[in-house]
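K.L.:
I'd like to go over a predicted model; first the sequence, then the structure.
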Amino acid sequence: MSTESTKEIEESDYFPVIPGGQPFVHFWGTRGSIPVSGPRFVRHGGNTSCVVIGVDNEYIIIDAGSGIRDLGLRLAKQGPRKIHLFITHTHWDHIQGFPFFAPLFIPGFEVIIYGASGFGKDLKSIFRGQLDRDYFPVQFEDMCAKIDFQILDGDSITLNDFKIQWESTHHPAATLGFKFTWKGRSVGYVSDNEFLPGFLGAPHTLSETSEIVAQHSKLINFLKDVNLLIHEAQYTNQEYVTKVGWGHSSLSNACLFAKLTRANRWIIPHHDPMHDDDMLASKLNLTREILRSLNHTVEVSHAFDELIAYF
Ligand SMILES: [Zn+2]
Ligand SMILES: [Zn+2]
C-alpha cells in the first residue's frame, strides 16, 4: 500500500511553526555594512540587519536592513496589525530595507518607529530623507500605513509582556543596544559596538577593573546575565589592526565582552561583507579557541538569515 502524499508542496509549508509560549529571536538579516550575494554566501545569507524578537503572535522588529523586505512580505500576508520597529542607529545597513517594507504600503497597518534622537537630524527627517525623489520613486506621503516616530529618551518601555531597555554602544553614530525581557527571560541585541577601541593585545591580560574595560562598564552591566547575548565580532584580530575606530569589535575583544556579560549563550551577527561562508566557519573555530584561552564556557554560534533561536 502506498503512503505517498499527493499534496503539492506550497511555499507556506516551509514556514516554520514556532511553538507557543516560547520567546524567540528570528534573524532576517545578519550581514553588516552592505548586502552580499552569490554562491560563497549561501550558508549565512547576505541580507543586512533585521531581527524579530517575539512570542506567540507578538512581534518586535529591530532594524530595517535589507532583511526586512522578506519579513514584510510575510507580515503583509497575515493582514493589518500594529508593528513596533526599533532602530539601533540609522547607518545604511540598518535602514536600507525600509522603502521595501510591504506593510508600509497597505492601509490598516500601523508602524511605530523607535530610535535615538541622533546627532543632527531627527529620526523622522532621516527616514523621510531616505525617500527623497532623488533616491527613491515613492515618497513618504505615498505610504498608506499609519506611521509614527517615537524617540527613546527614558530608559525603558513595556509592550505587552516585553520590557525593552536600551543603552548606548561605542559606534560612530548615535547607536543603541537593546535588552528585551519576557517573564524573567532576556536577550541582549548589540549589532554595532567597538569594545576596547584600539586594544590589540591579549584579552586574558584584562579584567573588569582594568581601566580600558571600566570605560565600557555601563554596557557590560546592562547586559549582565542575559540568557542570550547577540553581539557582533566583525573583524579578525589581523583585520582590526587597520580598522581601529571604524565602530566594530575585534574577535578577541568581543570574546572578552561575552565573558564579562556572563551570558549563557552568544550568537554573533553583523558579518563582514568580505567574509564568505568558509571564512566564517574558520572564524567561528577561532572564536571557540579564544574563548577557551579566556577560560570561558559559553555556547557560541553564528547568526544566519532565517535562523530562529529561543531564549
Ligand atoms: Zn551596522
Ligand atoms: Zn553602523
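P.N.:
Yep, it's here. Residues are numbered from 1 along each chain as shown. Ligands and ions are numbered 1, 2, ... in the order given.
K.L.:
tell me the contacts of the closest residue to Arg265 other than its chain neighbours?
P.N.:
Among residues not flanking Arg265 along the chain, Glu299 sits closest, at 4.5 Å (C-beta to C-beta, 6 or more residues apart in numbering). All C-beta atoms are positioned from the backbone trio N, CA, C, and that covers glycine. With contacts defined as C-beta atoms under 8 Å, 6 or more residues apart in numbering, Glu299 is in contact with 264-266.
K.L.:
do the same with Gly46
P.N.:
With C-beta under 8 Å, 6+ apart, Gly46 has these contacts: 31, 35-38, 305.
K.L.:
Now it. Nearest residue, chain neighbours left out?
P.N.:
Val36 is the one closest to Gly46 (C-beta to C-beta, 6+ apart), at 4.0 Å.
K.L.:
cool, Lys218 as well?
P.N.:
Leaving aside its sequence neighbours, Lys218 sits nearest to Glu167 (C-beta to C-beta, 6+ apart; 6.1 Å).
K.L.:
what is the one you found paired to in the beta sheet?
P.N.:
Note on Glu167: beta-bridge partners by DSSP bridges are Gly177.
K.L.:
for the longest helix anywhere in the chain, which positions count as buried?
P.N.:
When the chain is parsed with DSSP state H, its longest helix is helix 277-293. Neighbour-count burial for helix 277-293 flags 277, 280, 283-284, 287, 290-291 (criterion: 16 or more other C-beta atoms under 10 Å).
K.L.:
got a list of contacts for that helix?
P.N.:
Outside helix 277-293, the residues that touch it by C-beta under 8 Å, 6+ apart are 40-44, 203-204, 233, 236, 251-252, 255, 258-259, 268, 271, 275, 297-298, 300-302.
K.L.:
Run the chain-centre distance for the next helix or strand after it.
P.N.:
Later in the chain than helix 277-293, the nearest helix or strand by DSSP states H and E is strand 299-302. Remark: strand 299-302 is offset 15 Å from the chain centroid, using C-alpha atoms, centre = their mean, to the nearest Å.
K.L.:
as a whole number, average confidence for strand 299-302?
P.N.:
Mean pLDDT, strand 299-302: 98.
K.L.:
Could you spell out the sheet neighbours of it, each with its direction?
P.N.:
strand 265-268 (parallel).
K.L.:
Give me every residue in the stretch 151-300 of the chain lying close to ligand 1.
P.N.:
Applying C-beta under 5 Å from the ion, we find that the stretch 151-300 of the chain lies next to ligand 1 at Asp192.
K.L.:
one step back: neighbours around the residue nearest to Gly46, how many?
P.N.:
By other C-beta atoms under 10 Å, 19 other residues sit near Val36.
K.L.:
separation between it and Thr175?
P.N.:
22 Å (C-beta to C-beta, to the nearest Å).
K.L.:
Please put the alpha-carbon coordinates of the longest helix of the chain into PDB.
P.N.:
Once non-C-alpha atoms are left out, helix 277-293 reads as follows in PDB (Å, rounded to 0.1, in the frame of the first residue of the first chain):
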ATOM      1  CA  ASP A 277      31.000  31.100   4.400                       C
ATOM      2  CA  ASP A 278      34.300  29.300   4.500                       C
ATOM      3  CA  MET A 279      35.900  32.300   6.200                       C
ATOM      4  CA  LEU A 280      33.100  32.500   8.700                       C
ATOM      5  CA  ALA A 281      33.400  28.800   9.500                       C
ATOM      6  CA  SER A 282      37.100  29.100  10.400                       C
ATOM      7  CA  LYS A 283      36.400  32.400  12.200                       C
ATOM      8  CA  LEU A 284      33.900  30.500  14.400                       C
ATOM      9  CA  ASN A 285      36.600  27.900  15.200                       C
ATOM     10  CA  LEU A 286      39.000  30.600  16.200                       C
ATOM     11  CA  THR A 287      36.300  32.200  18.400                       C
ATOM     12  CA  ARG A 288      36.000  29.000  20.300                       C
ATOM     13  CA  GLU A 289      39.700  28.800  20.700                       C
ATOM     14  CA  ILE A 290      39.900  32.300  22.100                       C
ATOM     15  CA  LEU A 291      37.000  31.700  24.500                       C
ATOM     16  CA  ARG A 292      38.900  28.600  25.700                       C
ATOM     17  CA  SER A 293      42.000  30.700  26.300                       C
END
